[in-house]
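Student: return a 3D structure for these sequence lines:
(chains A and B)
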2 protein chains.
Amino acid sequence: MAAPIDFYFDFSSPYGYFASLKIDEIARRHERAVTWRPYLLGAVFKITKMQPLLDYPIKGDYMKRDWQRTARLQNARWKMPEMFPFAAINASRVVYWLNDKDPALGRKFAQAAYHQAFGEGRDIVSVNAVAAVAEGLGVPQGDTLAAINDPAVKERLRKEVDAGIERGVFGSPFVIVDGEPFWGADRLDQVDGWLATGGW
Amino acid sequence: MAAPIDFYFDFSSPYGYFASLKIDEIARRHERAVTWRPYLLGAVFKITKMQPLLDYPIKGDYMKRDWQRTARLQNARWKMPEMFPFAAINASRVVYWLNDKDPALGRKFAQAAYHQAFGEGRDIVSVNAVAAVAEGLGVPQGDTLAAINDPAVKERLRKEVDAGIERGVFGSPFVIVDGEPFWGADRLDQVDGWLATGGW
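Tutor: Prediction:
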């Protein structure tokens, strides 16, 4: 099996959510694994001068419409969280902590957290909400709460974000296939094509 | 035949160029006409707080790569103009002036100007360059030069840009199908689907 593809996403990103519903199926078709890498766009925006989508007048209204339309097109559950955008630092830490135990568990947690945020419009910000999501996958709440406050786990996320910036990751979702970067849920068809052909 | 679809674009937009190579074929498949509406993103950016793509650190580098990759995927001629982004006010005026004479001529001029800018990487900014493009379609240079300086033509473009802002057009390309807005060259598949089904 060739190298895994890197799937960068911010938990607060609707397009990251939409891509998260498809990325594994695309990778599987080409016998690839996916490394799920949560990312903090807030840290990147300081460098790129970009802003959260809804902060742009006119564009923000279009975005809300496009999310609903995309959800209908993908047959995806969709409900905007009351608080948006939100800071997903706790959930992001938990993914890396779980990834190191078992990548499948890290992925399942990420999928469950995304579903709770944009499928159900519920909180995934507070430590308790995050620990409850993990508990649904059999992870004791106390373990998750301890991991969120573990300096090593905090440092791990910081390093992942820095490494992402270093690799040119500036948005969500952002997929890297054998060194080739693809930004946006609307580039997944190209990711599929690139995996099939080795590039064009 | 149902109402034409509106194709908004800025001549300085690479994604507008890529979309311009496909939009007529998509519309024709559904027996629709296309109204080609050049647009000045600079005017919109003042309201939306957006900036030209290459002004964003990190994102700008990705964009250049994505344009080349898109060109290869579409089998489109591709050469970045030396001056980029550029102000396409003169070429934009000419499109509306020609559209009023003959929409097919307006479209042919827009296609020729886009080809010169991004297919050949050549100037379409100066009045002389613009007049030369029109001359290639049989329009006397003197007529084009006069049109560019005609207060009525200038006013026409201003009104079109204002009307576009009023309709929520904030990027290039931007397609409106029966009131439904689609932003981006990567939304053309959805434009195609919307035309086929009447929406989802």
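
Student: got a list of what residue A:153 touches?
Tutor: Residue A:153 sits next to A:93, A:96-97, A:147 when contact means C-beta atoms under 8 Å, 6 or more residues apart in numbering or on different chains. Every C-beta, even on glycine, is put in place using the N, C-alpha and C of the backbone.

Student: can you check residue A:157 too?
Tutor: Contacts of residue A:157 were listed using C-beta under 8 Å, 6+ apart, and they are A:38, A:40, A:89, A:92-93, A:96.

Student: go on, residue A:32?
Tutor: Listed by C-beta under 8 Å, 6+ apart, the contact partners of residue A:32 are A:1-5, A:195.

Student: and for residue A:127?
Tutor: Per C-beta under 8 Å, 6+ apart, neighbours of residue A:127: A:90, A:145, A:148.

Student: thought the first one was touching residue A:133?
Tutor: Okay, so that is residue A:90. No: in this structure, residue A:90 is not within contact of residue A:133 by C-beta atoms under 8 Å, at 10.2 Å.

Student: looking at those two, which is more packed in?
Tutor: Between residue A:90 and residue A:133, counted using other C-beta atoms under 10 Å in any protein chain shown, the more crowded position is residue A:133 (26 against 23).

Student: from memory the more buried one sits against residue A:110, does it?
Tutor: No: assessed by C-beta under 8 Å, residue A:133 is found out of contact with residue A:110, at 9.6 Å.

Student: circling back: out of the contacts of residue A:153, what pair is the most spread apart?
Tutor: Within these, A:96 and A:147 form the most distant pair, 9.2 Å apart (C-beta to C-beta).

Student: list the contacts of the helix or strand bottoming out on mean pLDDT in chain A.
Tutor: When the helices and strands of chain A are compared on mean pLDDT, DSSP states H and E, helix A:41-48 comes out lowest with a mean of 76. Helix A:41-48 is contacted by residues A:10, A:12-13, A:50-52, A:87, A:161, A:164-165, A:169-172, B:56-59 when judged by C-beta under 8 Å, 6+ apart.

Student: shared neighbours of residue A:133 and residue A:110, anything?
Tutor: residue A:91.

Student: quick check: residues of chain A near chain B?
Tutor: Residues of chain A that fall close to chain B, judged by C-beta under 8 Å from any C-beta of the partner chain: A:44, A:47-51, A:55-59, A:61-62, A:65-66, A:69, A:72-73, A:165, A:168, A:170-171, A:181, A:183-184, A:186-187, A:190, A:193, A:200.

Student: the same query, at a cut-off of 7 Å, please.
Tutor: Within chain A, the positions near chain B by C-beta under 7 Å from any C-beta of the partner chain are A:47-50, A:56-59, A:61-62, A:72-73, A:168, A:170, A:181, A:183, A:186, A:200.

Student: out of those residues, which end up buried?
Tutor: For those, a neighbour count by 16 or more other C-beta atoms under 10 Å in any protein chain shown gives the buried set as A:48, A:50, A:56, A:58-59, A:62, A:170, A:181, A:183, A:186.

Student: in strands, which of those fall?
Tutor: In this view, these that belong to strands under DSSP state E are A:181, A:183.

Student: farthest pair in the buried ones among the residues of chain A next to chain B?
Tutor: Spatially, the most separated pair among those is A:58 and A:181, at 27.9 Å (C-beta to C-beta).

Student: filter the contacts of helix A:41-48 down to just the ones in helices.
Tutor: Counted as lying in helices by DSSP state H, out of those, are A:161, A:164-165, B:59.

Student: in TSV: these, plus distance to residue A:127 and pLDDT.
Tutor: Output for the ones in helices among the contacts of helix A:41-48, formatted as TSV (distance: C-beta to C-beta, whole Å; pLDDT from 0 to 100):
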residue	distance to residue A:127	pLDDT
A:161	19	95
A:164	23	95
A:165	26	91
B:59	32	87
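
Student: which one of these sits closest to residue B:33?
Tutor: Of all those, residue B:33 sits closest to residue B:59, with 35.2 Å by C-beta to C-beta.

Student: residue A:142 sits in which helix or strand?
Tutor: Element membership for residue A:142 (DSSP states H and E) is helix A:141-148.

Student: list the contacts of that helix.
Tutor: Identification of contacts with helix A:141-148 by C-beta atoms under 7 Å, 6 or more residues apart in numbering or on different chains yields A:90, A:93-94, A:97, A:127, A:130-131, A:134-135, A:153.

Student: most neighbours out of the residues you listed, which is it?
Tutor: residue A:94 (30 neighbours).

Student: what kind of secondary structure is it in?
Tutor: Put simply, residue A:94 is helix when judged by DSSP: H, G, I helix; E, B strand; the rest coil.

Student: now do residue A:119 against chain B, distance only.
Tutor: Counting by C-beta to the nearest C-beta, to the nearest Å, the gap from residue A:119 to chain B is 19 Å.

Student: that residue - how many residues pack around it?
Tutor: Residue A:119: 17 surrounding residues under other C-beta under 10 Å.

Student: which residue, other than its chain neighbours, is closest to it?
Tutor: Closest residue to residue A:119 apart from its sequence neighbours, by C-beta to C-beta, 6 or more residues apart in numbering or on different chains: residue A:77 at 3.7 Å.
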